[in-house]
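Student: Below is the structure, and that's it, no one-letter string:
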């Protein structure tokens with residue numbers, strides 16, 4: 001079985017993330033959507049909330065599972081017999097960063113990285129930008145999966161209270 005991982009913080013997941021996950025799922029027997037845990041960062045959503053939203057969002061993809069990991073992604077790959085990492089690219093600056101990361105990951109573990117250009121419809125979408133626009137009342141419903149829109153809207157209302 002050929003497995004790949006789609007790592008990220010997913011705080012929250014966007015339709016751009018989902019596009020890469022869906023496209024990756026067509027290329028591998030199993031895709032693990034891996035939520036990275038960084039205890040030094042305070043996310044809008046807890047890791048458990050992100051996992052729940054991703055599980056609901058990817059429920060229709062039978063070869064996708066969701067997990068979390070603290071540490072190097074390549075260590076997760078080694079521990080789980082994963083041969084590749086798939087990442088989306090929105091811009092040239094993404095490419096510069098991801099190329100260096102791919103080279104380092106290969107040096108550390110021989111795990112391959114597939115860099116996929118994002119669908120142009122989502123090329124400008126990032127979790128940070130979605131949160132910022134939503135904070136100021138902008139319409140982000142078409143940029144995130146329905147469960148994310150619902151929970152993000154609710155979370156921002158709670159923060160305002």
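Tutor: Yep, that arrived. Please read these numbers as outputs of a predicted model, since none were measured by experiment.

Student: Tell me how far the nearest residue to residue 9 once chain neighbours are set aside lies from residue 68.
Tutor: Computed as C-beta to C-beta, 6 or more residues apart in numbering, the closest residue to residue 9 that is not its neighbour in sequence is residue 36, at 5.7 Å. Every C-beta, even on glycine, is put in place using the N, C-alpha and C of the backbone. Distance of residue 36 to residue 68, given as C-beta to C-beta, to the nearest Å: 8 Å.

Student: With residue 117 instead?
Tutor: In terms of C-beta to C-beta, residue 117 sits 27 Å off from residue 68.

Student: Neighbour count for the two, which is higher?
Tutor: The neighbour comparison of residue 117 against residue 68 (other C-beta atoms under 10 Å) goes to residue 68, with 16 against 13.

Student: What residues are bridge-paired with the more buried one?
Tutor: Beta-bridge pairing for residue 68 (DSSP bridges): residue 35.

Student: What does the pLDDT read for it?
Tutor: The score at residue 68 is 97. That number is its pLDDT.

Student: now the one 5 residues further on
Tutor: You'll see residue 73 listed with a pLDDT of 96.

Student: Over to residue 117?
Tutor: At residue 117, pLDDT is 95.

Student: Who are the contact partners of it?
Tutor: Residue 117 sits next to 88-89 when contact means C-beta atoms under 8 Å, 6 or more residues apart in numbering.

Student: now with 6 Å?
Tutor: By C-beta atoms under 6 Å, 6 or more residues apart in numbering, residue 117 lies in contact with residue 89.

Student: Could you check how far it is from residue 33?
Tutor: According to C-beta to C-beta, residue 117 stands 19 Å off from residue 33.

Student: re earlier: can you count the residues close to the residue nearest to residue 9?
Tutor: Around residue 36 there are 19 other residues, counting by other C-beta under 10 Å.

Student: Could you do the one 4 residues further on as well?
Tutor: Other residues near residue 40 number 4, with proximity taken as other C-beta under 10 Å.

Student: so residue 88 sits in a strand?
Tutor: Yes - assessed by DSSP: H, G, I helix; E, B strand; the rest coil, residue 88 belongs to a strand.

Student: Nearest spatial neighbour of it, chain-adjacent residues omitted?
Tutor: The nearest residue in space to residue 88 (C-beta to C-beta, 6+ apart) is residue 20, at 4.0 Å.

Student: mind checking how far that neighbour is from residue 36?
Tutor: Separation of residue 20 from residue 36 (C-beta to C-beta) stands at 15 Å.
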